[in-house]
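[1] can't give you the sequence, but here's the structure:
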DNA sequence: ATACGATGAAGCAAATCCTGATCATTGACG
DNA sequence: CGTCAATGATCAGGATTTGCTTCATCGTAT
């Protein structure tokens, strides 16, 4: 289970988040002050840090800077910043200091969860994704993020790549559209949207997979899509 | 079967939902008042709570808060809030108080069902995927929606697949046409229609089960159909 | 600021499926 | 064997789903 550390002096919000994140299979801890926060980082070794910019002692930017400076100790601990100001400058500053994402208050808990998933996925991608077997002329090198079709390298966008990776990890599994959306976007993307169709369409195009008898991505009418693995 | 509790004073809407959800294999109950609602929660132990924000006695937010406060009693009962205001503030408040999702009225029944599925999928580890035993060369992997006949994958439409699943869950049970229609389409199924026959015909065809001595789907003359399980 | 690529939303035409009617065939039963 | 009801098969029309184009938006690089 993922460990999340929240550094925020708003006790009530902290409790809400702990409770909320619990439902998404994440164990959250709250530190009310930065100093407590540093202690707890060492103790519980969280997978993600949620940081309020408005804090006693020192502000979130300062903490962010410190942690990044001591990166050898804390590793590449992903950081998500919360701030009351919806100002762009905050964001820029925060991101420059090494935060991985930024969320203005007030926010929707679900949005928070979505972003958490995004960050965690990003930061653990290369380690988590298992080996992907070449299939039918399509070869993916995850560590180099390189996709080869019949020998020549394809140029895929982030989304296209993520979709392909997901498909190839589970060949012959039929994904519904909302399953795909959830996997790609985090919890609860828009439910009724054709975004997936469009994405699939684009990917198919780059895979030169536009014939009626798909080489890779098969449409399962009324259900979703299937990446065709071995020939049976 | 998933139990859903709806707390809403709109009797008509309640009835419609009960009827609608039935088709999706969910048993819905309606409580017209919050106090009734609390009673019923204890009694039927629903898997999901649908909550209107506009209620007599106390509003949905209040109820949500109470339930979350008594979380030890109610566990992590997922909550879906309905509200007439499409305002973001409502949404934020609702979600912070522990609702899992939010749906503005008026909504499409199908969208509701989709969200329910999303929430249930999230909150329960076990997707209530019913195991289906391979029978006579026919093997169904429900989680991947994959059907294999003698080793090769079959391409079934939604209806065909649903029908097959239904049959295989109850091998050797004789279904009447009405029963099948009800399970597949819902209660509003036309009583006299050959739709089922046609469907069975198509499925038989794909199962290569067209001989006089059926390998899978047996016709029970004057009754309906039976999916043949083990050879006895 | 401007330009550009990536992405999502809207929407329409095309593909695909479901349904119910019709008719040929089958099975029950005297 | 003949009659009649039940069933299987086919097909067109309507309904649904999908593919893809176009356009708006967002973030990023110049």
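    All right, it came through fine. Computed from a predicted model, the values in this text were never measured in an experiment.
[2] and the helices in chain A?
    A:11-22, A:34-44, A:60-69, A:71-74, A:88-96, A:109-128, A:158-169, A:177-185, A:195-206 (DSSP state H).
[3] and these, which one is worst for confidence?
    Ranked by mean pLDDT, those end with helix A:88-96 at the bottom, a mean of 44.
[4] which residue sits closest to the residue in chain A positioned nearest to DNA strand C, ignoring its sequence neighbours?
    Chain A approaches DNA strand C most closely through residue A:157 (2.6 Å), counting by C-beta to the nearest atom of the strand. To be clear about C-beta, it is placed using only N, CA and C from the backbone, and glycine gets the same treatment. Nearest non-adjacent residue to residue A:157, counting by C-beta to C-beta, 6 or more residues apart in numbering or on different chains: residue A:202, 7.9 Å away.
[5] let me know whether the one you found touches residue A:160 as I believe.
    Yes: distance between residue A:202 and residue A:160: 6.1 Å, which falls inside the contact criterion (C-beta atoms under 8 Å).
[6] these two: who's more crowded?
    residue A:160 (20 against 15; other C-beta atoms under 10 Å in any protein chain shown).
[7] what sits against the more buried one?
    Contact analysis of residue A:160 by C-beta atoms under 8 Å, 6 or more residues apart in numbering or on different chains lists A:199, A:202-203, A:206.
[8] may I ask which of these has the most neighbours?
    For the contacts of residue A:160, neighbours tallied by other C-beta under 10 Å; top is residue A:203, 22 neighbours.
[9] how far away is that one from residue A:209?
    Computed as C-beta to C-beta, to the nearest Å, the residue A:203 to residue A:209 distance reads 8 Å.
[10] which residues do the two both contact?
    residue A:217.
[11] average pLDDT across stretch A:133-140?
    88.
[12] how about the residue in chain A positioned nearest to chain B: what's its closest non-neighbour residue?
    Chain A approaches chain B most closely through residue A:222 (3.5 Å), counting by C-beta to the nearest C-beta. Of all residues not flanking residue A:222 in the chain, residue B:158 sits nearest, at 3.5 Å (C-beta to C-beta, 6+ apart).
[13] right, and the one you found touches residue A:176 too?
    No: if you go by C-beta under 8 Å, residue B:158 and residue A:176 don't touch, sitting 11.1 Å apart.
[14] ok, those two, which is more surrounded?
    Taking neighbours as other C-beta under 10 Å, residue B:158 and residue A:176 compare with residue A:176 leading, 17 against 13.
[15] show me the contacts for the more buried one.
    A:223-224.
[16] do stretch A:193-204 and DNA strand C meet at all?
    Yes: residues of stretch A:193-204 contacting DNA strand C under C-beta under 7 Å from any atom of the strand: A:193-195, A:197-199.
[17] if we check chain B, which of those residues are in contact?
    Among the residues of stretch A:193-204 next to DNA strand C, proximity to chain B is found for none (C-beta under 8 Å from any C-beta of the partner chain).
[18] and the residues you listed, which are buried?
    Those of the residues of stretch A:193-204 next to DNA strand C that meet the buried threshold are residue A:199, by 16 or more other C-beta atoms under 10 Å in any protein chain shown.
[19] columns distance to residue B:64 on top of the residues of stretch A:193-204 next to DNA strand C, output as TSV?
    Output for the residues of stretch A:193-204 next to DNA strand C, formatted as TSV (distance: C-beta to C-beta, whole Å):
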residue	distance to residue B:64
A:193	27
A:194	33
A:195	30
A:197	35
A:198	36
A:199	35
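[20] tell me the one among the residues of stretch A:193-204 next to DNA strand C nearest to residue B:1.
    residue A:193 (29.6 Å; C-beta to C-beta).
[21] pLDDT score for that closest one?
    For residue A:193, the model assigns a pLDDT of 77.
[22] which residues sit in contact with it?
    Contacts here follow C-beta under 8 Å, 6+ apart; on that basis residue A:193 touches residue A:181.
[23] what do you get if the cut-off is 10 Å, keeping everything else the same?
    A:177-178, A:181 (C-beta atoms under 10 Å, 6 or more residues apart in numbering or on different chains).
[24] restrict those to those near chain B?
    Among the contacts of residue A:193, proximity to chain B is found for A:177-178, A:181 (C-beta under 10 Å from any C-beta of the partner chain).
[25] could you dump those to TSV with neighbour count?
    Shown next, in TSV, are the ones next to chain B among the contacts of residue A:193 (neighbours: other C-beta atoms under 10 Å in any protein chain shown):
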residue	neighbour count
A:177	20
A:178	21
A:181	21
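[26] follow-up on the earlier one: tell me who's in contact with the residue nearest to residue A:222.
    Contacts of residue B:158 (C-beta under 10 Å, 6+ apart): A:220-223, B:145, B:184.
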